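Chemist: following is a predicted model, sequence given first.
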Amino acid sequence: MDVDLLNPGFGAAAIAGVFGLIFGSFLNVCIVRWGAEPKQSVVRPRSRCPRCGSELRPYDNIPVVSWLVLGGNCRNCREPISALYPMVELASGLIWGYMAWRHGITLEALAGALFFTILLGIAVTDLRAYIIPDEFTLGGLVIGLLLAAFGGWDALLRAGIGAVAGFALLYAVGFLGTMVFRKDAMGGGDIKMMAMVGAFVGWQGVLLTVFLGALLGTLIFVPIQFFNREKLVPFGIFLALGAAATWIAGSSLLAWYTGYVGL
């Protein structure tokens with residue numbers, strides 16, 4: 001298939017993709033430092049090699065490119081640097097490029113790009129450290145409500161109801177699970193995360209997100225727990241995947257379901 005480089009959609013996607021790569025570079029800093037114990041500032045110190053601690057030069061901090069040029073190693077100590085860093089940057093670039101290609105340079109594209117970037121940060125942090133930082137969840141909640149406010153009072157009300165529904169649903173699941181299993185069944189980060197998700201996808205999207213997240217978590221982690229019962233479940237990853245699917249195809253899935261059951 002030929003790609004028309006003069007097509008406005010392609011140009012918007014390319015520009016947004018560059019911004020996404022830059023956001024991805026900063027997202028790596030947030031993932032590592034907000035997921036650390038104790039939590040660290042994302043402002044100071046400057047980006048460093050995780051092995052030897054040497055500060056990265058500006059030309060060694062170009063998203064994706066620097067990692068490839070250096071062969072995945074630190075310039076100073078020559079120790080390997082995880083491929084997760086360029087993968088996060090590339091994923092962020094693709095997210096921003098896709099949203100601009102799909103929605104153009106619009107508020108909806110910005111909302112989608114920010115939402116997916118936050119979900120990416122949550123998923124990777126939960127995978128690495130089994131924690132969902134408040135900076136992602138509560139900060140994302142504020143962003144979701146602010147973006148909704150640009151759509152008027154009705155949009156803000158839907159976002160507010162979605163946030164309350166997300167928080168209440170996960171809180172109720174956690175409360176009941178704790179009563180049944182006599183141990184914490186839901187982390188506070190997951191609960192706050194669903195409040196943030198609700199601000200972006202509304203209360204119906206909350207239900208679909210939790211359903212898809214639980215389905216994915218069951219399919220993937222039940223077999224793993226069969227062999228290793230001590231393995232922790234980073235449920236935020238599955239909620240993030242469910243939320244992403246809801247944002248992209250939630251309306252179609254809900255329409256199919258309601259038609260299937262005759263509602």
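Modeler: The structure has been received and is ready for your questions.

Chemist: for residue 231, give me the pLDDT.
Modeler: We have a pLDDT of 63 for residue 231.

Chemist: domains of this protein?
Modeler: 1-105, 133-263 (automatic domain parsing).

Chemist: most tightly packed of the ones you listed?
Modeler: domain 133-263 (a mean of 17; mean count of other CB atoms under 10 Å). From N, CA and C alone the C-beta is placed, and that goes for glycine too.

Chemist: distance of residue 103 from residue 52?
Modeler: 43 Å (CB to CB, to the nearest Å).

Chemist: in a markdown table, list the domains of the chain along with distance to residue 117.
Modeler: Formatted as a markdown table, these follow (distance: least, CB to CB, whole Å):
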| stretch | distance to residue 117 |
| --- | --- |
| domain 1-105 | 6 |
| domain 133-263 | 9 |
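
Chemist: of these, which is nearest residue 122?
Modeler: Residue 122 sits nearest to domain 133-263 of all the domains of the chain, at 5.1 Å, using CB to CB.

Chemist: how far off centre is that closest one?
Modeler: 12 Å (CA atoms, centre = their mean, to the nearest Å).

Chemist: pLDDT below threshold where in this structure?
Modeler: Low-confidence segments of the chain, defined by pLDDT under 70: 1-8, 180-186, 224-232, 257-263.

Chemist: hmm, 90 instead?
Modeler: 1-12, 36-39, 43-61, 74-79, 104-105, 173-188, 214, 217-235, 249-263 (pLDDT under 90).

Chemist: tell me which of the domains of the chain lies nearest to residue 118.
Modeler: Short answer: domain 133-263, nearest of those by CB to CB, at 4.3 Å.

Chemist: who touches the closest residue to residue 46 other than its chain neighbours in this structure?
Modeler: Excluding the flanking residues, the one nearest residue 46 by CB to CB, 6 or more residues apart in numbering is residue 55, at 5.1 Å. Counting by CB atoms under 8 Å, 6 or more residues apart in numbering, residue 55 makes contact with 45-48.

Chemist: go on, residue 172?
Modeler: So residue 172 contacts nothing (CB under 8 Å, 6+ apart).

Chemist: spell out the secondary structure type for it.
Modeler: helix (DSSP: H, G, I helix; E, B strand; the rest coil).

Chemist: who touches stretch 90-100?
Modeler: By CB under 8 Å, 6+ apart, stretch 90-100 touches 9, 12-21, 23-24, 27, 63-64, 109-110, 112-113, 116-117, 120.

Chemist: all the helices of the stretch 1-150 of the chain, residue numbers only.
Modeler: Assigned by DSSP state H, counting those that start in this stretch, the helices in the stretch 1-150 of the chain fall at 8-34, 65-69, 84-103, 107-129, 134-149.

Chemist: tell me which of those lies nearest to residue 254.
Modeler: Of these, nearest to residue 254 by CB to CB is helix 107-129, at 17.9 Å.

Chemist: relative orientation of the helix ranked longest in the chain and helix 134-149 in degrees?
Modeler: The residue-count maximum for a helix in the chain (DSSP state H) belongs to helix 188-227. Using axes from the mean of the first three to the mean of the last three CA atoms, to 10 degrees, the inter-axis angle of helix 188-227 relative to helix 134-149 is 120 degrees.
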